[in-house]
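*Asks:* what's the 3D shape of this:
(one chain, ligands or ions: 1)
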Amino acid sequence: MTATRGPNPRPGILDIAPYVPGTAALPGAGTVIKLSSNETPLGPSPRAIEAYLAQSPHLSRYPDGSARPLREALAKLYGLDAARIVAGAGSDELLNLLAAAYLGPGDEAIYTEHGFLVYRIAIQAHGATPVVAPERDLTADVDAILARVSDATRLVFIANPNNPTGTYLPFDEVKRLHAGLPEHVILVLDAAYAEYVRANDYEAGIELVATTQNTVMTRTFSKIYGLAALRLGWAYCPSAVADVLNRIRGPFNVTGPSIAAGIAALADQPHMEQAVEHNTIWLRTMAEALQGIGLRVTPSAANFLLVHFPETKSARDADTFLHTRRIILRRVEEYGFPDALRMTIGTEDENNAVLRALTDFMSGAQ
Ligand SMILES: Cc1ncc(COP(=O)(O)O)c(C=O)c1O
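*Replies:* Sure, this is the predicted structure:
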């Protein structure tokens, strides 16, 4: 894009395609079924809401600058070193801080063909070059990633499981990926959906972070813990990386109510487990039901399904039809899927409403 007169951003900034979040509302009155942003249908733990509200008398005070009580709660729950945890305003902030710290013009960072789009934005925002590795069966391909590593590579971003495909890399493959990377490259394992995964061959990243100097795992309270509005995430890092991130993050980058709600959410593991159980049941039920009406569904380990439409029935038309039923799924053209929609697993009623609507759409009923 050409520069205009007046203030101009750094080269490359205007080439960034802004992130388009899932649609959140529809014109007209009435409730909508919003299954477009992978939020939990069960909401947060009531204890988290209570802890959040209990912070209201303290809004004039700055929060703990390093979110120490939250880091200590996470360390206790997962058996980690609190000093190596960095909290952020959502894991998005941590992904951007990693890019800010390790990328600049001339550097390269790798992500995969259908990978989470925030990576591309973070890479471009810091003047580095995005390198896209093709996937195999809509899954990250370790050999394809390793083949694209160069002397200029600084970061490799993998969402595991990935959004919007829901596919995951087994731990053996993650270890093989790490083993093939030079020491100066950081492997960023974005485990935003880790809690949902029910597979024996999956590991979110804690083990690799514990045993290597160049792996970072990012996590979030936005998904299973139901605190997306509070913007709360965390990264588990080698000490040297935690030190780097702590130098560049805002001195109070996480709010007091978020810290309090996060700690209370962690303390209510039964609520979290209930959300996992709900998801496990409905992920399978919806995948089978959608296939039963002629749709193809990518096997998912997360809390959403990538639903592929046949040539005769476009995803765009399905989306428009669903809107007439006041249902919002996620369009995924910009992820390379013009013929698919991504559906977040909802409540039982929401899931059944989607199924009824898509059954009508596929049979041509209005
Ligand atoms: C793979 C992945 N990583 C990170 C995020 C961002 O989460 P947060 O709300 O913690 O910024 C998302 C949210 O959609 C995601 O899908």
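
*Asks:* all contacts plus neighbour counts: C-alpha atoms, from now on.
*Replies:* OK.

*Asks:* how about the residues of the stretch 101-250 of the chain near the ligand?
*Replies:* Phe116, Ala159, Asn162, Asn163, Asp190, Ala192, Thr220, Ser222, Ala228, Arg231, Leu232, Gly233 (Cα under 6 Å from any ligand atom).

*Asks:* number of residues surrounding Ser56?
*Replies:* Using other Cα atoms under 10 Å, Ser56 is surrounded by 11 other residues.

*Asks:* quick one: the longest helix that the chain contains to chain centroid distance?
*Replies:* Secondary structure of the chain per DSSP state H: the longest helix is helix 269-292. What separates the centre of helix 269-292 from the centre of its chain is 18 Å, taken as Cα atoms, centre = their mean, to the nearest Å.

*Asks:* buried ones in it?
*Replies:* His271, Met272, Ala275, Val276, His278, Asn279, Thr280, Trp282, Leu283, Met286, Ala287, Leu290 (16 or more other Cα atoms under 10 Å).

*Asks:* do the same with stretch 346-354
*Replies:* Gly346, Thr347, Glu350, Asn351, Ala353, Val354.

*Asks:* what's the answer for stretch 175-187, then?
*Replies:* Neighbour-count burial for stretch 175-187, counted by 16+ other Cα under 10 Å, picks out Leu177, His178, Leu181, Val185, Ile186, Leu187.

*Asks:* list of residues touching stretch 8-25?
*Replies:* Residues outside stretch 8-25 that contact it (Cα atoms under 8 Å, 6 or more residues apart in numbering) are 1, 32, 34, 36-37, 117-118, 121, 124-125, 127, 328-331.

*Asks:* of those, just say which sits nearest to Ala265.
*Replies:* Ser37 (20.0 Å; Cα to Cα).

*Asks:* so Ala122, which state does it fall into?
*Replies:* Counting by DSSP: H, G, I helix; E, B strand; the rest coil, the backbone at Ala122 sits in helix.

*Asks:* does it really touch Leu94, like I thought?
*Replies:* No. Counting by Cα atoms under 8 Å, no contact exists between Ala122 and Leu94, whose distance comes to 10.1 Å.

*Asks:* tell me which stretches of the stretch 51-200 of the chain form helices.
*Replies:* Ranges of helices in the stretch 51-200 of the chain, per DSSP state H, counting those that start in this stretch, are 68-78, 90-102, 118-125, 142-147, 171-180.

*Asks:* for the longest helix of the chain, packing partners?
*Replies:* strand 296-298, strand 304-308, helix 348-363 (3 or more Cα pairs under 8 Å, 6 or more residues apart in numbering; DSSP states H and E).

*Asks:* partner strands of the first one, with direction?
*Replies:* Here strand 296-298 has these sheet partners by DSSP bridges: strand 304-308 (antiparallel).

*Asks:* touching the ligand at all, the partner strand?
*Replies:* No. Judged by Cα under 6 Å from any ligand atom, strand 304-308 stays clear of the ligand, getting no closer than 10.1 Å.

*Asks:* for PyMOL, write the selection for the buried entries among the residues of the stretch 101-250 of the chain next to the ligand.
*Replies:* Buried members of these, defined by 16+ other Cα under 10 Å, are picked up in PyMOL with:
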select buried, resi 116+159+162+163+190+192+220+222+228+231+232+233
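
*Asks:* now the stretch 1-150 of the chain, which segments are flagged as low pLDDT?
*Replies:* 1-4 (pLDDT under 70).

*Asks:* go again using 80 as the cut-off
*Replies:* 1-5, 29 (pLDDT under 80).

*Asks:* mean confidence for stretch 281-298?
*Replies:* For stretch 281-298, mean pLDDT rounds to 98.
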